[in-house]
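> Attaching a predicted model along with its sequence, questions to come.
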Amino acid sequence: MEPLVVSLQTLLAAGWDVVINLLAVLIPWTPLVAWVAFWLLAVNWEKLYPVMAKGAVIGVLLIGVVMVLIWGLIAPPAEGVHHLFGLRPSNFVGKAIYVTMLLTIMALCGSVQLSGACGSLCRFTEE
């Protein structure tokens with residue numbers, strides 16, 4: 001009976017190590033997952049798209065520029081440059097790439113929702 005208990009303890013310890021390693025891999029991605037979930041599931045793009053088409057895109061782009069400027073001043077990279085896809089862009093250029101990627105993901109989430117690919121996940125009540 002004792003070898004069975006030892007084997008179960010070893011199995012539980014190995015399972016716990018797997019859970020810890022999975023969390024270590026997934027936790028850095030949670031802000032991006034939250035960003036996608038918000039723009040895909042919490043925003044009614046049927047109402048937002050006409051507003052964006054009337055000129056709100058300019059406001060979003062200006063907010064993006066301010067994000068780049070503030071983020072670049074507050075949190076410069078450790079070596080002074082970023083490491084993106086084998087390139088080494090400077091601080092503000094790297095931040096502009098990151099913000100552009102976030103805004104692109106936002107627009108793609110809107111396109112996915114407007115295409116109907118979300119199905120029953122994105123049902124908003126009429127107000």
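Received the coordinates, thanks. Residues are numbered from 1 along each chain as shown.

> ok, then the element right after the helix or strand harbouring P3?
Using DSSP states H and E, P3 sits within helix 2-26. Sequence-wise, the next helix or strand downstream of helix 2-26 (DSSP H and E) is helix 30-37.

> contacts for that following helix?
For helix 30-37, the surrounding residues in contact (CB atoms under 8 Å, 6 or more residues apart in numbering) are 102, 105-106, 109. (Each C-beta comes from the backbone N, C-alpha and C, glycine too.)

> what's the angle from the helix holding P3 to helix 30-37?
Helix 2-26 runs at 60 degrees relative to helix 30-37, counting by axes from the mean of the first three to the mean of the last three CA atoms, to 10 degrees.

> show me where pLDDT drops low in the chain?
Applying pLDDT under 70 to the chain picks out residues 127.

> Against the centre of it, work out the most remote residue.
Distance from the centre of the chain peaks at M1, with 49.1 Å (CA atoms, centre = their mean).

> so who does it touch?
The contact partners of M1, by CB under 8 Å, 6+ apart, come to none.

> thinking again about what came up before, so can I have a markdown table of the contacts of helix 30-37 showing neighbour count?
Formatted as a markdown table, the contacts of helix 30-37 follow (neighbours: other CB atoms under 10 Å):
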| residue | neighbour count |
| --- | --- |
| L102 | 16 |
| I105 | 15 |
| M106 | 17 |
| C109 | 21 |
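
> Which members of the residues you listed occur in helices, if any?
Cross-referencing those against helices under DSSP state H gives 102, 105-106, 109.

> can you put the residues you listed in TSV and add distance to M52?
Formatted as TSV, these follow (distance: CB to CB, whole Å):
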residue	distance to M52
L102	16
I105	15
M106	10
C109	13
